[in-house]
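**Student:** got a sequence here, can you build the structure:
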Amino acid sequence: MRIVDLDKKRGLIVIHVDNLDDLYVLFNFIAPGDFVTARTSRKIKIREGEAFRKSMILTIEVKAVSFHEFAERLRVRGLIRSGPEKFVSIGSHHTINVKVGDTIQIERPGGFTDEDLEILREAEKIAGHRPILIIAIEEGEATIGILTSYGVRIYATIRKNISKGADEYDSLLKAFFSQILDAINELMNQIDPIAIIIAGPGFTKEYFQEYLKEKLSRKVPIVIDSVTSGTAAGIYEVIRRGTPDKVLSDQRVSKETALIEELLMHIGKKDNLAVYGLNEVEEVVNYGLARTLLVSMRLINTVDKELRDRILNIIKKAKTTRCEVILISTMHPSGKQFASLGGIAAILKYPLKKW
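**Tutor:** Below is the predicted model of the structure:
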């Protein structure tokens, strides 16, 4: 993400979208009531049965935002407030599709607070971090995942029937490996991963590691791990085990998953070192008792302005007490689980008898 221009008092920011992560960040940043200006296209009706699409710059007042991960676009829906009146009707509905490579302007009446800009600052911190490729593999099945700073995306699943008793077993295994290699080489050119993690049960992962070292188009660090399957579940198992932390210590998803698991561990043990729920968390933060504050990005993106302001005030207060604030993505299983708990929790500095 590249911030082209920022006027905090006026509440105006211009952002260039560099990657898929940026779209997710904007999904959590853009709020109903904002004014978004961008180049878009609109269907123009000439006469009955005849129409064409015209490119134009429009400003819309935002009513809703949705993120379509697999389509790799952000849909910003709202009412047109500014545009070429020859082609549009002011006040009519329009959807701006934001894609990687686009530049958009966001204006927020009343200006931006530091808490409003927190998500963008987090995005800037990780802007230079490259993804990690994770391959969960077992005999005859492999799943390729892309781990970025805000989530994991399953890229492909490859299956091939390999019979151990067959005379052509070695050639079938190499053909299977070759299919996986083709997908990896294609990704290498697209995303420039910082490392590759190969994980699975048995010895197939080691065989594939040796194959990959010889055949990969360019050198990338390769890490081996053990998981129970070559399916998508194996990908998520790698993340839960914390293996990406060994590759890139500040990869966001791994850190979030570890913190959520720590939170759940304290809740399960009933050791009075964790609280969850808005009222409970607000109380411990106000008393300066929170060590780590966890907030789901889903809460930051709520359409409930009163709730949003309350959440942002809790974040602001937490920072004054030197409490670490972690914004939790909902693009991975642990993040979704955390959101289902209410989306806000705190790990405490010491156990409290009250809880």
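
**Student:** run a quick neighbour tally on P109.
**Tutor:** By the measure other Cβ atoms under 10 Å, the count of residues near P109 is 10. (Each C-beta comes from the backbone N, C-alpha and C, glycine too.)

**Student:** an error on my part: the question was meant for R73.
**Tutor:** When counting by other Cβ under 10 Å, one arrives at 18 neighbours for R73.

**Student:** which residues touch it?
**Tutor:** Contact analysis of R73 by Cβ atoms under 8 Å, 6 or more residues apart in numbering lists 23, 97-99.

**Student:** and for I15?
**Tutor:** 1-4, 22, 26, 103-106, 120.

**Student:** let's go with 7 Å and repeat that
**Tutor:** Neighbour list for I15: 1, 3-4, 103-104, 106 [criterion: Cβ atoms under 7 Å, 6 or more residues apart in numbering].

**Student:** if we can go back for a sec, among the contacts of R73, which ones are in strands?
**Tutor:** 97-99 (DSSP state E).

**Student:** could those go into CSV alongside neighbour count, pLDDT and distance to I196?
**Tutor:** Below are these laid out as CSV (neighbours: other Cβ atoms under 10 Å; pLDDT from 0 to 100; distance: Cβ to Cβ, whole Å):
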residue, neighbour count, pLDDT, distance to I196
N97, 14, 95, 32
V98, 24, 94, 30
K99, 12, 90, 27
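
**Student:** can you put these in CSV and add distance to T330?
**Tutor:** Formatted as CSV, those follow (distance: Cβ to Cβ, whole Å):
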residue, distance to T330
N97, 21
V98, 19
K99, 21
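
**Student:** nearest to M331 among the residues you listed?
**Tutor:** Set against M331, the nearest of the ones in strands among the contacts of R73 by Cβ to Cβ is V98 (16.9 Å).

**Student:** backbone phi and psi for the closest residue in space to the closest one that isn't next to it in sequence, please?
**Tutor:** Nearest residue to V98, sequence neighbours excluded (Cβ to Cβ, 6 or more residues apart in numbering): L74, at 4.1 Å. Torsion angles at L74 (phi, psi; degrees, to the nearest 10) stand at phi -110, psi 130.

**Student:** hang on, isn't L74 packed against N28?
**Tutor:** No - under the criterion of Cβ atoms under 7 Å, L74 makes no contact with N28, lying 10.5 Å away.

**Student:** which of the two has more residues huddled nearby?
**Tutor:** It is L74, of L74 and N28, that has more neighbours when counted by other Cβ under 10 Å, with 27 against 23.

**Student:** for that one, give me its contacts.
**Tutor:** Per Cβ under 7 Å, 6+ apart, neighbours of L74: 23, 26-27, 65, 67, 98.

**Student:** lowest-confidence entry in the residues you listed?
**Tutor:** By pLDDT, F67 ranks lowest within those, coming in at 79.

**Student:** quick one: contacts for that residue?
**Tutor:** 23-24, 27, 74.

**Student:** adding distance to A38, write those residues out as TSV.
**Tutor:** As requested, those are exported to TSV (distance: Cβ to Cβ, whole Å):
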residue	distance to A38
L23	13
Y24	17
F27	15
L74	10
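
**Student:** tell me the two of those residues that are most distant?
**Tutor:** Farthest pair in these (Cβ to Cβ) is Y24 and L74. Separation: 8.3 Å.

**Student:** wait, isn't G83 in contact with L58?
**Tutor:** Yes - in this structure, G83 is within contact of L58 by Cβ under 7 Å, at 4.1 Å.

**Student:** before we move on, back to that, tell me what the residue nearest to V98 is bridged to.
**Tutor:** Beta-bridge pairing of L74 under DSSP bridges involves F67, V98.

**Student:** do you know how far it is from H93?
**Tutor:** For L74, the distance to H93 (Cβ to Cβ, to the nearest Å) stands at 17 Å.

**Student:** now do K86
**Tutor:** According to Cβ to Cβ, K86 and H93 sit 18 Å apart.

**Student:** which of the two has more neighbours?
**Tutor:** H93 (11 against 8).

**Student:** what pairs with that one across the strands?
**Tutor:** Per DSSP bridges, the residues bridged to H93 are L79.

**Student:** circling back to that earlier point, can you select the buried ones among the contacts of F67 for me in ChimeraX?
**Tutor:** Here is the ChimeraX command that selects the buried residues among the contacts of F67 (16 or more other Cβ atoms under 10 Å):
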select :23,24,27,74
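
**Student:** from the contacts of F67, which land in helices?
**Tutor:** 23-24, 27 (DSSP state H).

**Student:** just the helices from this protein, written as ranges.
**Tutor:** Going by DSSP H, the chain shows helices at 20-29, 118-125, 169-191, 204-215, 232-240, 243-247, 252-269, 278-286, 297-300, 305-320, 333-340.
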